[in-house]
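In: Model the following, please.
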Amino acid sequence: MFPQGVKMIGSWVAAGTGKAFTVCEANDVKVLVEATFPYRGLRTFEIVPVIEAEELMKMAGSLT
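Out: Presented below is the predicted three-dimensional model:
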């Protein structure tokens with residue numbers, strides 16, 4: 001289901017809502033967008049790129 005370069009970490013379903021949440025790892029968010037594109041007429045996807053808190057703190061420290 002997932003293209004090369006995408007690693008699925010886990011998947012959860014919110015009981016009673018039909019909403020599914022999948023956590024994936026990829027080096028490029030474009031790969032995730034491309035993977036969901038064929039299904040755009042069947043469901044809605046929300047892709048939220050995140051980074052680890054420690055990495056963010058390092059970035060913030062280098063900006064000061």
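In: For Ser62, pull up the helix or strand it's in.
Out: In this structure, Ser62 sits in helix 53-63 according to DSSP states H and E.
In: what do you get for Gly10?
Out: Applying DSSP H and E, one finds Gly10 within strand 6-13.
In: partners of that strand in the sheet?
Out: Sheet partners assigned to strand 6-13 using DSSP bridges are listed as strand 20-26 (antiparallel).
In: Give me the neighbour count for Glu34.
Out: Look at Glu34: counted by other Cβ atoms under 10 Å, it has 13 neighbours. (C-beta placed from N, C-alpha, C; glycine too.)
In: Quick one: mean pLDDT over whichever strand or helix holds it.
Out: According to DSSP H and E, Glu34 maps onto helix 29-36. The pLDDT scores in helix 29-36 average 89.
In: Report the angle between it and strand 6-13.
Out: Angle, helix 29-36 to strand 6-13, by axes from the mean of the first three to the mean of the last three Cα atoms, to 10 degrees: 60 degrees.
In: From the chain's centroid, how far away is helix 29-36?
Out: Centroid separation for helix 29-36 versus its chain: 9 Å, with Cα atoms, centre = their mean, to the nearest Å.
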